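[1] Output the structure for:
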Amino acid sequence: MISNKNITATQASNTDLLLLAYRQFSGNNIAMADDLFVFLTAPTPERDVFLVTCCTCTISVSENILLLTYAPL
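    Residues are numbered from 1 along each chain as shown. Reported below is the predicted structural model:
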């Protein structure tokens, strides 16, 4: 059975550099990768500012999967 539902997946490249950027942005110097991924996947105004000022995003599509790959600037 073919589904017409789309799936969005988030991933990060250069996670170590992205985590450093997140720590500076958030002021949380002990933030871990789990904190970063929760932040990236929860839509908030703060996340929008972080994405615009600290990240690039590459979008890939494979059938019904939309893959967002965030990387540090």
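
[2] Report pLDDT for the nearest residue to residue 32 once chain neighbours are set aside.
    Of all residues not flanking residue 32 in the chain, residue 19 sits nearest, at 7.8 Å (C-beta to C-beta, 6 or more residues apart in numbering). For the C-beta atoms, the positions are set from N, CA and C on the backbone; glycine is no exception. pLDDT recorded at residue 19 is 95.

[3] ok, now residue 63?
    85.

[4] picking up where we left off before, so which helix or strand takes in the residue nearest to residue 32?
    helix 15-26 (DSSP states H and E).

[5] can you list the residues that contact that helix?
    Residues outside helix 15-26 that contact it (C-beta atoms under 8 Å, 6 or more residues apart in numbering): 12, 28-33, 35-36, 39, 50, 53-55, 70-73.

[6] taking these one by one, which sit in strands?
    Judged by DSSP state E, these include 12, 55, 70-72 as members of strands.

[7] List just the nearest of those residues to residue 6.
    Taking C-beta to C-beta as the measure, residue 70 is the one of those closest to residue 6, at 18.8 Å.

[8] Residue 4 versus the closest one, what's the distance?
    Here residue 70 is placed at a distance of 27 Å from residue 4 (C-beta to C-beta, to the nearest Å).

[9] which of those two has more neighbours?
    For the pair residue 70 and residue 4, the greater number of neighbours falls to residue 70 (21 against 5), based on other C-beta atoms under 10 Å.

[10] Quick check: that one touching residue 57?
    Yes: using C-beta atoms under 8 Å, residue 70 is in contact with residue 57, at 5.5 Å.

[11] what sits in contact with each of these two?
    Counting by C-beta under 8 Å, 6+ apart, the residues touching both residue 70 and residue 57 are residue 51.

[12] quick one: low-confidence parts of this protein?
    Applying pLDDT under 70 to the chain flags residues 1-3.

[13] can you tell me which residues contact the most centrally placed residue in it?
    By C-alpha atoms, centre = their mean, the chain has its centre lying nearest to residue 40, at 4.0 Å. By C-beta under 8 Å, 6+ apart, the contact list for residue 40 reads 10, 12, 47, 70.
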